[in-house]
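Asks: sharing a model prediction with you, sequence too.
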Amino acid sequence: PVPRNVRSKVYVFAHPLIQHKVALMRQTNTSVKDFRELAREIALLMGFEATRNLPLEEVEIETPICKTKVNMLKGEDIAIIPILRAGLGFVDGMLELVPNAKVGHVGLYRDPDTHEPVEYYCKLPKDIEKRQIFVVDPMLATGGSAVAAIDFIKQRGGTNITFMCLIAAPEGIEALQKAHPDVDIYIAAKDERLNENAYIVPGLGDAGDRLYGTK
Ligand code: PRP
Ligand code: URA
């Protein structure tokens, strides 16, 4: 267990490419197609940084000149876990970086009245306890969904977990750090606050609806 006074690290991306793409995603008139493509591109850019500490293994290969030892990713040791639905928008970008990663799914939705997360699905790679896990979801609002998803993953043996999202509210960051001080958080943009419906302000609206055109 992590001592009570230890806080996870929070990384907010200042990179201009990421800021520009997040700005496009926020705009109401961005199409579903563009929204989806931007989510994939941002996942790829963020994933590049979030995977900085992935373990490597030494492998012997043959170049046209000679045999040599090189470092390669232990691809089978990674799991990407989107929180359904909207987290799916991050999977393709991450898989472009680590194509051998396994993908687990946690299905949660926020009860519209209580804003509490309700679980409806959980399917993880069998050997989840051995894997470096990236939990992905575009929005960290109250933090309820991320906290619950990571609870489920830990109950099933996951230990080495990183959380990645597009936009976070201060309330969500606080809740996630408090519940899971061992989980580092990568955020493309930190917003001002939540509104009375627990939506992020200024945010981008309902990420699932915008990704799949359901509203
Ligand atoms: C959204 C989002 C997060 C959650 C964040 O999902 O994708 O999972 O809300 O809110 P929280 O931090 O307050 O829990 P939603 O419940 O709308 O489900 P959906 O992805 O199926 O649309
Ligand atoms: N879920 C979303 O999709 N958007 C928000 O702003 C908050 C929760």
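Replies: Great, that's in hand. Ligands and ions are numbered 1, 2, ... in the order given.

Asks: so who does residue 208 touch?
Replies: By Cβ atoms under 8 Å, 6 or more residues apart in numbering, the residues touching residue 208 are 85-86, 214. All C-beta spots, glycine's among them, are computed from the backbone N, C-alpha and C.

Asks: and if you look at residue 74?
Replies: 54-57.

Asks: quick one: pLDDT of it?
Replies: Here the pLDDT value assigned to residue 74 is 74.

Asks: would you mind naming what in the chain lies close to ligand 2?
Replies: Proximity of the chain to ligand 2 (Cβ under 6 Å from any ligand atom) is limited to residues 139, 141, 199-200, 203, 206-208.

Asks: now the buried members of those.
Replies: Neighbour counting with 16 or more other Cβ atoms under 10 Å marks 139, 141, 199-200, 203, 207-208 as buried within those.

Asks: strands of this protein, residue ranges please.
Replies: Taking DSSP state E to define them, one finds strands in the chain at 10-12, 56-62, 67-73, 78-84, 102-103, 105-110, 117-123, 132-136, 139-140, 160-168, 184-190, 193-194, 200-201.

Asks: as CSV, these with distance to residue 35 would be great.
Replies: Output for the strands of the chain, formatted as CSV (distance: least, Cβ to Cβ, whole Å):
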stretch, distance to residue 35
strand 10-12, 21
strand 56-62, 34
strand 67-73, 30
strand 78-84, 16
strand 102-103, 21
strand 105-110, 19
strand 117-123, 23
strand 132-136, 16
strand 139-140, 13
strand 160-168, 11
strand 184-190, 14
strand 193-194, 21
strand 200-201, 16
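
Asks: hang on, isn't residue 176 packed against residue 141?
Replies: No: Residue 176 is beyond contact range of residue 141, at 10.8 Å (criterion: Cβ atoms under 8 Å).

Asks: can you get me a residue count around residue 116?
Replies: 12 (other Cβ atoms under 10 Å).

Asks: quick one: pLDDT of it?
Replies: For residue 116, pLDDT reads 83.

Asks: confirm for me that it is in contact with residue 110.
Replies: Yes: between residue 116 and residue 110 a contact is recorded at 7.1 Å, counting by Cβ under 8 Å.
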